[in-house]
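>>> Next input, structure requested:
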Amino acid sequence: MPQFRVKFLKNISDATGHEHKMCQQEIDVEAETESAAVEEAKARFSSGEQSDEWSLRADAIEVEAI
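As a prediction, this is how the structure comes out:
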């Protein structure tokens, strides 16, 4: 089964006002499809953050096959 690395990213501003993406968490997932991997990673991320909504802690998701 394919494996994917799903990264949860948060946009933060530095002292000069420039935005940067900071990785909140990386989760490796075995799944049939990329979209299934994202859904599994969202569930894991949300449960680890004790929140039902992943988007409260991250602004974006990046996925790569590994």
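>>> And Glu64, how far from Phe4?
Counting by Cβ to Cβ, to the nearest Å, the separation of Glu64 from Phe4 is 7 Å. The way it works is simple: take the backbone N, C-alpha and C, and place the C-beta from them, glycine included.
>>> And the two? Which one has more around it.
Phe4 (21 against 12; other Cβ atoms under 10 Å).
>>> what's the distance between the more buried one and Gln24?
17 Å.
>>> likewise Ser13?
Distance from Ser13 to Gln24, by Cβ to Cβ: 16 Å.
>>> Helices of the protein, start to end?
Using DSSP state H, the helices of the chain run over residues 34-48.
>>> who's in contact with the residue nearest to Glu32 when sequence neighbours are not counted?
Nearest residue to Glu32, sequence neighbours excluded (Cβ to Cβ, 6 or more residues apart in numbering): Met1, at 6.6 Å. The contact partners of Met1, by Cβ atoms under 8 Å, 6 or more residues apart in numbering, come to Glu30, Ala31, Glu32.
>>> next one: Ile12
Applying Cβ under 8 Å, 6+ apart, we find Ile12 in contact with Glu19, His20, Lys21, Met22.
>>> one more time with 7 Å, if that's ok
Residues in contact with Ile12 (Cβ atoms under 7 Å, 6 or more residues apart in numbering) are Glu19, His20, Met22.
>>> Most distant residue from the centre of the protein?
The outermost residue of the chain, judged against the average C-alpha position, is Thr16 (25.9 Å), by Cα atoms, centre = their mean.
>>> Look at it and report its pLDDT.
Listed pLDDT for Thr16 reads 90.
>>> what about Ser13 and Gln24, which has more around it?
A direct count of neighbours by other Cβ under 10 Å for Ser13 and Gln24 places Gln24 higher, at 16 against 9.
>>> ok, and the closest non-adjacent residue to that one?
In space, Gln24 is closest to Phe8, 4.5 Å off (Cβ to Cβ, 6+ apart).
>>> Now do the most centrally placed residue in the chain against Ile61, distance only.
For the chain, the residue nearest the mean C-alpha position is Phe8 (2.2 Å; Cα atoms, centre = their mean). Going from Phe8 to Ile61 by Cβ to Cβ gives 6 Å.
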